[in-house]
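Novice: Structure for this input, please:
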Amino acid sequence: MTTKGESNNTSSIPINGVNGIGSNHDNDYDDMENQLIHRHVTNGYTSLNGRNGIRNGADIDHVLVTGGAGYLGSTLVPMLLADGYRVTVYDIFLWGVQSLCFIANHPNLTLICGDVCDQTRLAKAIQDCDAVIHLAAIVGYPACEKNPEMAQRVNEGGSRNVVQSLRPHQKLIYASTGSCYGAVDGTCTEDTAISPLTLYGSSKAKGEALVSDVGGVSLRLATVFGVAPRMRLDLLVNDLTCKALIEKHIDVYQGSFRRTFLHVKDAAYAFMLALKNYKVMQGKAFNVGHESMNMTKEEVVHQICDAVPGCHMTTSAIGEDKDKRDYEVSYARIRQLGFQPTVTVKDGIKELIKILPYMDEVEKKRARNV
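Specialist: Coordinates of the predicted model:
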């Protein structure tokens, strides 16, 4: 996640080894690739061709990821490296750099401490890359409401800086959100008119419009969940699972409201898909998720209670989702390109249960954007 301000350490940091050790660790990286990319090859959009292999869309070699140390970025960056891309992470490291420590020895990784609001520095970082994956943002309506000026500066102004820094041959893939839709009757498709009701939704929608103007790809992600190197506990499934483990009780408001969900690893795979299929995706928006994970909040809570012994649910009339998300979403457009999520909400809850009990209070505090 990238917000205002820039660290005093503004140097580009090429990661070429530890303590002067060289980078001849091919066997180690082969093992790492096997651990990081565990995917059914028949799904058609993750092609492991080796670091020097020819990929679909072979004109893309060097990818810059804004916000690459965040929740989604720290999941995506290892996948990019394992699939042979050179990767530059551009981030202010607001939540630290620990999320990338496990890949610090990779020879194709470069870190730049920089702010998307600093157009001069951003343009310099972008100039040598083939594609930009723009993740940096103030994420979620609570964080945007807490600091609306920063939200507009980062989500709108930062996206404008990215677009204006692009050269004609460079590709752009943007992390958008289903919150752009606002209140909708029926099933959402990419052709459904967007009418965001929160600053988060509107600022991301404006960023999406900027990306569309230069022929970029916008991925409207479902509500993301699951374990990542940089954890977040302010996402619905993650938050409720944490509460269930601690309190053995979940109080649900607007329980009949429908949401659609997506594991963070599958969200990351969607960006891999866009890199490999850029020519057919450019200039368009894509809902990212699957109809099987169109669920009500109560359905999610029931799955959590089933997984956490002694946990029970109650319903409440107090509370409101200001994004008014209560609709199902169609994912037919991205499914036609071979996208198929592999991690269900149930499986995501199971992995959360393995990790959450061992997070200390400092870790939990840092895992919330607000």
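Novice: residues near I103, how many?
Specialist: Residues within reach of I103, counting by other CB atoms under 10 Å, total 21. C-beta here means a position set from N, CA and C on the backbone, and glycine is covered the same way.
Novice: Quick one: low-confidence residue ranges for the stretch 51-200 of the chain.
Specialist: By pLDDT under 70, the low-scoring segments of the stretch 51-200 of the chain are 51-58.
Novice: so T315, which of the three states?
Specialist: Secondary structure, DSSP: H, G, I helix; E, B strand; the rest coil: T315 is strand.
Novice: Now do the same contact list for the nearest residue in space to E328 that is not next to it in sequence.
Specialist: Leaving out its chain neighbours, the residue that sits closest to E328 by CB to CB, 6 or more residues apart in numbering is N294, at 4.4 Å. Contacts for N294 (CB atoms under 8 Å, 6 or more residues apart in numbering) come out as R258, R259, T260, E328, V329.
Novice: Not counting residues beside it along the chain, what's closest to the second one?
Specialist: Pointing back at R259 there. T223 (5.3 Å).
Novice: check contacts around the residue positioned nearest the centre of the chain.
Specialist: Nearest to the geometric centre of the chain sits L72, at 3.2 Å (CA atoms, centre = their mean). Contacts for L72 (CB under 8 Å, 6+ apart) come out as L135, A175, V224, A228, V264, A267, A268.
Novice: hang on, the earlier thing: of the contacts of N294, just say which sits nearest to D239.
Specialist: Of all the contacts of N294, R259 has the smallest distance to D239: 12.7 Å, by CB to CB.
Novice: Now do the buried residues in whichever helix or strand the closest one is part of.
Specialist: Per DSSP states H and E: R259 is located in strand 258-263. Buried positions in strand 258-263, judged by neighbour count with 16 or more other CB atoms under 10 Å: R259, T260, F261, L262, H263.
Novice: so what does whichever helix or strand comes after it touch, helix or strand wise?
Specialist: Moving toward the C-terminus from strand 258-263, the first helix or strand encountered (DSSP H and E) is helix 264-276. When contacts are defined as 3 or more CB pairs under 8 Å, 6 or more residues apart in numbering; DSSP states H and E, helix 264-276 sits against helix 73-82, strand 131-134, strand 171-177, strand 217-221, strand 223-225, strand 285-288.
Novice: Ramachandran coordinates for the closest residue to R232 other than its chain neighbours?
Specialist: Nearest residue to R232 in three dimensions, chain neighbours excluded: Y71, at 4.6 Å (CB to CB, 6+ apart). Torsion angles at Y71 (phi, psi; degrees, to the nearest 10) stand at phi -60, psi -50.
Novice: Would you confirm that Y71 contacts D234?
Specialist: No - contact criterion CB atoms under 8 Å: Y71 and D234 do not qualify, at 9.8 Å.
Novice: neighbour-wise, which of the two wins?
Specialist: Set Y71 next to D234 and count neighbours by other CB under 10 Å: Y71 wins out with 27 against 16.
Novice: I349: how many residues sit nearby?
Specialist: Other residues near I349 come to 23 when the count uses other CB under 10 Å.
Novice: actually D59, not the one I typed
Specialist: D59 - counted by other CB under 10 Å - has 11 other residues nearby.
Novice: so it, which of the three states?
Specialist: Going by three-state DSSP: D59 is coil.
Novice: which one among the contacts of L72 gets closest to D213?
Specialist: Using CB to CB, these come closest to D213 at A175, 17.1 Å.
Novice: which residues does the residue lying closest to that closest one once chain neighbours are set aside contact?
Specialist: Leaving aside its sequence neighbours, A175 sits nearest to L135 (CB to CB, 6+ apart; 4.8 Å). Residues near L135 by CB under 8 Å, 6+ apart: V65, T66, G67, G68, G70, L72, G73, L76, A175.
Novice: what about the nearest residue to the fourth one once chain neighbours are set aside, is that helix, strand or coil?
Specialist: Nearest in space to G68, with sequence neighbours left out and distances taken as CB to CB, 6+ apart, is V89 at 3.3 Å. V89 falls in the strand class when you classify it by three-state DSSP.
Novice: start the count at 59, not 1, going forward
Specialist: OK, 59 is where the count begins now, so the last one is V147.
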